[in-house]
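1. Okay, here's the prediction I keep looking at, along with the sequence it came from:
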Amino acid sequence: MNFCPERLVEVRTSLNINKAEAARRLNISAMAYGRYEKGEREPSYQSVCFIAQTFHCNIDFLYGTSDEMEADYIIVSHSESPELYSLLLEIHENHDMQKRILAYARNLKKNQIEISN
């Protein structure tokens with residue numbers, strides 16, 4: 001798989017940020033970021049994962065193997081959201097709870113749609 005610099009430009013543009021801001025968010029120099037966009041340097045797989053996480057985009061989009069820019073996962077950290085993290089961990093480990101919570105969420109969503117109409 002080869003990194004597609006034009007996809008990085010597309011993601012940055014969709015976020016309405018300039019190269020300097022993109023570099024700041026990634027905690028790299030503006031020069032290093034510019035080399036990624038120009039295709040002069042290919043980021044490591046770990047760096048591409050960090051770019052995707054930071055810019056909330058799909059890793060496969062950055063590699064050109066998918067046309068779907070939106071991320072297909074959400075990362076929930078214990079330090080940032082301990083209650084949500086604990087709930088998701090419990091749901092992951094308890095299949096019965098998972099079914100019950102999903103049914104409840106569907107019902108909430110259905111009610112929300114009915115209220116908005």
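-> The structure has been received and is ready for your questions. Numbering: from 1, shown residues only.
2. Spatially nearest residue to the residue nearest to the spatial centre of the chain, not counting backbone neighbours?
-> With distances taken as Cα atoms, centre = their mean, His56 lies nearest the centre of the chain, 2.8 Å away. Setting aside the residues directly before and after it, His56 is nearest to Ala71 in space (Cβ to Cβ, 6 or more residues apart in numbering), at 5.1 Å. (Glycine included, C-beta is placed from N, CA and C.)
3. which residues touch the one you found?
-> By Cβ atoms under 8 Å, 6 or more residues apart in numbering, the residues touching Ala71 are Ala52, His56, Cys57, Asn58.
4. Out of those residues, grab the one that's most surrounded.
-> Cys57 (23 neighbours; other Cβ atoms under 10 Å).
5. Tell me if I'm right that it and Tyr73 touch.
-> No: shown here, Cys57 and Tyr73 do not form a contact pair, counting by Cβ atoms under 8 Å, at 10.9 Å.
6. what's near enough to touch the residue nearest to Cys57 when sequence neighbours are not counted?
-> Closest residue to Cys57 apart from its sequence neighbours, by Cβ to Cβ, 6+ apart: Val11 at 4.9 Å. Counting by Cβ under 8 Å, 6+ apart, Val11 touches Ile51, Phe55, Cys57, Phe61, Leu62, Met69.
7. and the first one, what helix or strand is that in?
-> With elements delineated by DSSP states H and E, Ile51 resides in helix 45-55, which encompasses its position.
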